[in-house]
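*Asks:* Predicted model, plus sequence, below.
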Amino acid sequence: MNNYKLSVLEKIGFGAGDMAVNVVISSMMLIITFFYTDVFGLDPVDMGILFLVVRLIDGITDPLMGMATDKFTTKHGRYRHYFLYLSIPFGVSVFLTFTTPDMEYGMKLVWAYATYIFVTIMFTSVTIPYISLISVLTADPKERLSANGYRLFLAKVAAFMVTIIVPIMADADIWQGNIQQGYQMSMGLMAALGVLFFLFCFYTTTERIEHQVDEKPLAEQFKLLMQNDQWLLLCAVCIFGTLGYVIRGSVALYYAKYYLGGDAALQSAFLSTGVGAAIISMSASTWITKHYCKINLFKYTQMAVFFISIAMYFFVGRDDVALAFILFFLLSFVVDLHAPVFWSIIPEAVDYGELKTGKRVSGLAFGGISFFQKLGMGLAGALVGLLLGYFDYVPDVEQSERSLMGIVLMLTLISGFFHFVTGWVMTKYNITNERYLEIVDQINARK
């Protein structure tokens with residue numbers, strides 16, 4: 001039963017959960033920075049501080065949510081019931097975040113903090129159970145990898161919808177110059193789809209594996225995690241990889257609009273090119289890892305992103321639109337080859353920790369990964385805001401050479417450097433498929 005072969009429907013249902021999650025992730029990585037500066041009207045530095053401050057809340061909510069998934073079960077299992085009960089509040093939080101109130105600047109800033117905190121808490125409440133779900137569907141590492149391939153493919157489909165629908169649907173010309181309403185309605189549609197995706201995930205997946213969770217104080221769980229060197233490596237990978245990914249994604253819309261001089265259609269096409277490449281990458285990664293070491297794929301592709309970024313920085317001028325699309329496609333394809341591998345090896349690192357310490361820490365381990373992902377998002381958002389301010393960015397005007405240089409640097413060299421560091425850190429990770437099977441056998445023998 002533990003090595004259960006998942007049906008295609010269940011893999012699709014599992015992937016639907018990440019489609020819901022990616023309504024937020026894609027928006028936070030590709031849309032919200034541009035939304036806050038050019039639509040909502042926040043100062044870039046204020047926006048950067050907002051992103052960083054809200055991450056401090058995750059330092060409390062993520063461990064609490066991880067512990068809650070360890071402590072409470074229902075008739076639906078340990079994780080799935082959160083999708084049923086919290087999907088609608090999750091959708092409402094997304095809608096409110098992309099609503100621009102008619103207030104003076106100080107009150108708008110309060111609204112931005114309140115709604116961003118709300119969406120962050122709801123994101124935590126559904127995401128930690130979701131990333132933990134794969135550990136109770138099956139114990140077969142190949143099935144987990146396959147399911148994560150479906151998951152990440154469908155996640156990119158959701159991101160593809162966001163990049164196509166939102167910039168075009170939110171175009172001010174459609175809403176008689178009211179671009180704020182355009183973003184509210186377009187993201188409201190994405191939020192409604194997210195609710196439906198979570199419900200589909202709930203009804204099509206089944207929890208089969210019941211891990212015995214030790215009742216341990218938070219301090220003891222934290223101490224045990226600190227002994228799990230492979231999990232700590234994944235935390236570092238999560239921070240650096242997210243930094244690179246979010247910085248590049250956050251400025252892609254600025255790059256298309258200001259550096260390439262594109263209208264709403266070209267902006268949508270540029271974002272969609274990156275996401276489309278990532279969709280193809282999900283399928284390619286699943287196929288490659290059947291014939292090639294998944295850990296080597298992870299580390300070498302992340303390092304390669306830096307060199308592609310260098311090429312894009314030096315060879316793409318403002319009139320080289322076609323070349324910009326080609327290199328952005330290539331960069332986006334290579335950077336996402338690691339994604340199915342990363343999400344499939346988290347439960348393997350948890351099992352490694354159980355073997356090493358003799359005690360299992362699951363909820364806090366998954367919660368910790370979610371925290372470090374969002375910490376990376378917060379640091380990236382803060383860095384983008386500060387750099388936009390440093391390079392004298394002014395919304396919705398012809399940009400200076402200085403501000404254009406800053407946008408290009410963030411899209412290429414700065415983000416690429418963080419991916420190179422990610423690949424270097426992964427050279428220290430040593431849980432291959434063969435090693436993981438040994439870990440499982442040793443855990444079972446001990447039990």
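*Replies:* Sure thing, it's come through.
*Asks:* and the gap between the residue most central in space within the chain and residue 321?
*Replies:* Nearest residue to the geometric centre of the chain (C-alpha atoms, centre = their mean): residue 25, 5.0 Å. For residue 25, the distance to residue 321 (C-beta to C-beta, to the nearest Å) stands at 27 Å. No exception for glycine: its C-beta is placed from N, CA and C like everyone else's.
*Asks:* what about the strands in this protein?
*Replies:* Assigned by DSSP state E, the strands in the chain number zero.
*Asks:* Sketch out the low-pLDDT regions of it for me.
*Replies:* Applying pLDDT under 70 to the chain flags the ranges 1-3, 172, 211-215.
*Asks:* need the longest helix for it.
*Replies:* helix 105-137 (DSSP state H).
*Asks:* Which positions within that one qualify as buried?
*Replies:* 108-109, 111-112, 115-137 (16 or more other C-beta atoms under 10 Å).
*Asks:* Unless I'm misreading it, residue 161 sits right up against residue 193, doesn't it?
*Replies:* Yes - at 7.4 Å, residue 161 and residue 193 qualify as touching, with contact defined as C-beta atoms under 8 Å.
*Asks:* still on that earlier bit, ok, now which ones touch the residue nearest to the centre of the chain?
*Replies:* By C-beta atoms under 8 Å, 6 or more residues apart in numbering, the residues touching residue 25 are 155, 159.
*Asks:* mind running it again at 10 Å?
*Replies:* 18, 123, 127, 155, 158-159, 162, 242, 245-246, 249, 373-374, 377 (C-beta atoms under 10 Å, 6 or more residues apart in numbering).
*Asks:* want to throw these into JSON lines with distance to residue 441?
*Replies:* Formatted as JSON lines, the contacts of residue 25 follow (distance: C-beta to C-beta, whole Å):
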{"residue": "18", "distance to residue 441": "30"}
{"residue": "123", "distance to residue 441": "37"}
{"residue": "127", "distance to residue 441": "31"}
{"residue": "155", "distance to residue 441": "32"}
{"residue": "158", "distance to residue 441": "37"}
{"residue": "159", "distance to residue 441": "38"}
{"residue": "162", "distance to residue 441": "43"}
{"residue": "242", "distance to residue 441": "33"}
{"residue": "245", "distance to residue 441": "35"}
{"residue": "246", "distance to residue 441": "39"}
{"residue": "249", "distance to residue 441": "41"}
{"residue": "373", "distance to residue 441": "31"}
{"residue": "374", "distance to residue 441": "35"}
{"residue": "377", "distance to residue 441": "37"}
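*Asks:* Just the buried residues of those.
*Replies:* 18, 123, 127, 155, 158-159, 162, 242, 245-246, 249, 373-374, 377.
*Asks:* Tell me the one among those residues nearest to residue 189.
*Replies:* Taking C-beta to C-beta as the measure, residue 189 lies nearest residue 162 of the buried ones among the contacts of residue 25, at 10.0 Å.
*Asks:* Give me the neighbour count for the residue lying closest to that closest one once chain neighbours are set aside.
*Replies:* Spatial nearest neighbour of residue 162, excluding adjacent residues (C-beta to C-beta, 6 or more residues apart in numbering): residue 26 at 4.4 Å. Number of residues near residue 26 (other C-beta atoms under 10 Å) recorded here: 25.
*Asks:* so who does residue 188 touch?
*Replies:* 91, 92, 94, 95, 96, 98, 99.
*Asks:* If you rank those by neighbours, which is first?
*Replies:* In these, the most neighbours by other C-beta under 10 Å go to residue 98, 27 neighbours.
*Asks:* And the residue nearest to the centre of the chain, how far from residue 245?
*Replies:* Taking C-beta to C-beta, one finds residue 25 at 10 Å from residue 245.
*Asks:* Find residues that contact each of the two.
*Replies:* Residues touching both residue 25 and residue 245 (C-beta under 10 Å, 6+ apart) are 373, 377.
*Asks:* Residue 6 touches residue 206, doesn't it?
*Replies:* Yes - using C-beta atoms under 10 Å as the test, residue 6 is close enough to residue 206 to be in contact (9.3 Å).
*Asks:* Neighbour count: these two, which is higher?
*Replies:* A count of neighbours by other C-beta under 10 Å puts residue 6 above the other of residue 6 and residue 206, at 22 against 14.
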